[in-house]
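# sequence plus the predicted model coming up.
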Amino acid sequence: MQKKAILALADGTHFEGIAVGHGDQTVGEVVFNTAMTGYQEVLSDPSYAEQLITFTTPHIGNVGTNAADFEANKVYAKGFIVRELPTAPSSWRAQQSFMQFIDDYNLLGIAEIDTRALVHHLRQYGAQAGCILVSEGEDVMTAVAQAQAWGDMQGRALIDTVATQKTYAWQPSHHKTDQHTIVVVDFGVKQGILRHLAAQKCNVIVVPPESSADDILKLQPQGIVLSNGPGDPAACLDAIKTIQHLFTQNIPLFGICLGHQLLALALGAKTMKMKQGHHGANHPVQDVLSKRVFITSQNHGFAVDEATLPQGVKVTHRSLFDNTLQGFSHQTLPLLAFQGHPEASPGPNDISILFEQFIKLINAGRMQHA
């Protein structure tokens, strides 16, 4: 039997629909994702922790889910919002239906609402807290109050809620020992990032977000990757201090998404909350030097304020949607930073060349010290 549900936003706007999944209510920041594919990867992306994801694609669930497409070992999103109820899967890769996936991870969502109207509202007024409440009565004010009580994403340090608690080797390599050892600081790392590093024939070691610079350096890395992750980057004070210490070691650093923001903060720049953020797989980004345009996958609600970048920082990429900073390097420090997701699984792979550039940065450093 279908149950009615309400989606209420903190500003009082509400939508009525049908409950999908488990639980009586869930609360988080309501955002929208414009990707046409990849709902499983989106829901299992740790960067969506504490968020309710509005899918702009009207049909969600039509290809089922499978073991290969997870970006983490569980689902971190707080819930989902869709136009149509999930359908029976129709894909040779499907191992289970979307409804079974929801059951496995105790997700609660709402369906049969006007997602187009919701997205227009979020675009006009910005991402904000929302509450999905299963209800047969007039409980709009209850749901609004729950959303308002949640607050907003600013000031929330969420990396400890999604990252590993112990150091581990990701798919230990059987190649020769002269390959690069890369330490990935896990702030909510996606499996796609680890796969791309392994494809570059790197030994990949993943460490917890609270790892000190000394902990990282004991692993003798030739390069360090600062991963994606959720929450407000400015609230990750310990991670910022660790990165500042790593600057003194002359080891190449590659910051992705949250890692990009943390690199900027460690250099003395500032970050800002975006109105609705970037969440999708069709975002055009321009290489400032070559003027080449890349179609990229994005998932972030904060951005680096380009005006606050210190001397020595070189802007490498900008968004063609809103001109926000998308990438930078440094004149003296061996670092590379990109706001989007170069691993893009799923999504465009135009910007995956950044992994190759990172390896070239490592090789250049090794040649200098040879």
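Perfect, I can see it now. Numbers count the residues shown, from 1 in each chain.
# going by C-alpha atoms from here, please, whenever you check contacts or count neighbours.
Fine.
# run a quick neighbour tally on Asp160.
The tally of other residues near Asp160 (other Cα atoms under 10 Å) stands at 17.
# so what's Cys257 up against?
227-229, 299-300, 338-341 (Cα atoms under 8 Å, 6 or more residues apart in numbering).
# Ala5 against Ile132, yeah?
Yes - look at Ala5 against Ile132 with Cα atoms under 8 Å: they come within range, at 6.8 Å.
# got any residues that touch both of those two?
With Cα under 8 Å, 6+ apart, Ala5 and Ile132 have common neighbours Ile110.
# which of those two has more neighbours?
Ile132 (33 against 27).
# partners of the nearest residue to that one once chain neighbours are set aside in the sheet?
Nearest residue to Ile132 in three dimensions, chain neighbours excluded: Leu7, at 4.5 Å (Cα to Cα, 6 or more residues apart in numbering). Note on Leu7: beta-bridge partners by DSSP bridges are Phe15, Ile132.
# so how far is Met141 from Leu7?
11 Å (Cα to Cα, to the nearest Å).
# equivalent analysis for Val30, please.
Per Cα to Cα, Val30 is found 17 Å from Met141.
# same thing with Ala129?
Per Cα to Cα, Ala129 is found 14 Å from Met141.
# out of these two, which sits in the busier spot?
Neighbour count, other Cα under 10 Å: between Ala129 and Met141, Ala129 has more, with 26 against 12.
# ok, the more buried one to Leu158 distance?
16 Å.
# ditto for His300
Taking Cα to Cα, one finds His300 at 13 Å from Leu158.
# with adjacent residues omitted, what lies nearest to Leu133?
Distance criterion Cα to Cα, 6+ apart; nearest residue to Leu133, sequence neighbours excluded, is Gln25 at 4.4 Å.
# how many residues are close by the one you found?
20.
# now do the phi/psi pair for it.
Phi and psi for Gln25, reported as degrees, to the nearest 10, are phi -160, psi 160.
# verify the contact between it and Ser135 for me.
No - contact criterion Cα under 8 Å: Gln25 and Ser135 do not qualify, at 9.1 Å.
# and the strand ranked longest in the chain, how far from the chain's centre?
Longest strand in the chain by number of residues (criterion: DSSP state E): strand 271-287. From the chain centre to the centre of strand 271-287 is a distance of 11 Å (Cα atoms, centre = their mean, to the nearest Å).
# check contacts around Ile295.
281-285, 348, 350-351.
# all strands of the stretch 201-350 of the chain, in order?
Applying DSSP state E, counting those that start in this stretch to the stretch 201-350 of the chain gives strands spanning 203-207, 223-226, 253-256, 271-287, 293-304, 313-319, 325-330, 335-338.
# redo those strands as TSV? Include mean pLDDT.
Shown next, in TSV, are the strands of the stretch 201-350 of the chain (pLDDT from 0 to 100):
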stretch	mean pLDDT
strand 203-207	97
strand 223-226	98
strand 253-256	98
strand 271-287	97
strand 293-304	98
strand 313-319	98
strand 325-330	98
strand 335-338	98
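# among these, which comes closest to Ser97?
strand 271-287 (23.2 Å; Cα to Cα).
# adjacent strands (with direction) for the closest one?
By DSSP bridges, strand 271-287 pairs with strand 293-304 (antiparallel), strand 313-319 (antiparallel).
# highest average neighbour count across those?
Of all these, strand 293-304 carries the top mean neighbour count, a mean of 23, counting by mean count of other Cα atoms under 10 Å.
# how far off centre is it?
Put simply, strand 293-304 sits 10 Å off its chain's centre (Cα atoms, centre = their mean).
# got the CA coordinates for that strand in PDB?
Written as PDB, here are the backbone C-alpha positions of strand 293-304 (Å, rounded to 0.1, in the frame of the first residue of the first chain):
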ATOM      1  CA  VAL A 293      36.600  23.500 -23.100                       C
ATOM      2  CA  PHE A 294      36.000  20.300 -21.100                       C
ATOM      3  CA  ILE A 295      32.600  18.800 -20.200                       C
ATOM      4  CA  THR A 296      32.900  17.700 -16.600                       C
ATOM      5  CA  SER A 297      31.100  16.000 -13.700                       C
ATOM      6  CA  GLN A 298      30.600  18.200 -10.600                       C
ATOM      7  CA  ASN A 299      29.300  17.800  -7.100                       C
ATOM      8  CA  HIS A 300      30.000  20.600  -4.700                       C
ATOM      9  CA  GLY A 301      28.100  23.300  -2.700                       C
ATOM     10  CA  PHE A 302      31.100  25.400  -1.800                       C
ATOM     11  CA  ALA A 303      33.600  27.100  -4.000                       C
ATOM     12  CA  VAL A 304      37.000  28.800  -3.600                       C
END
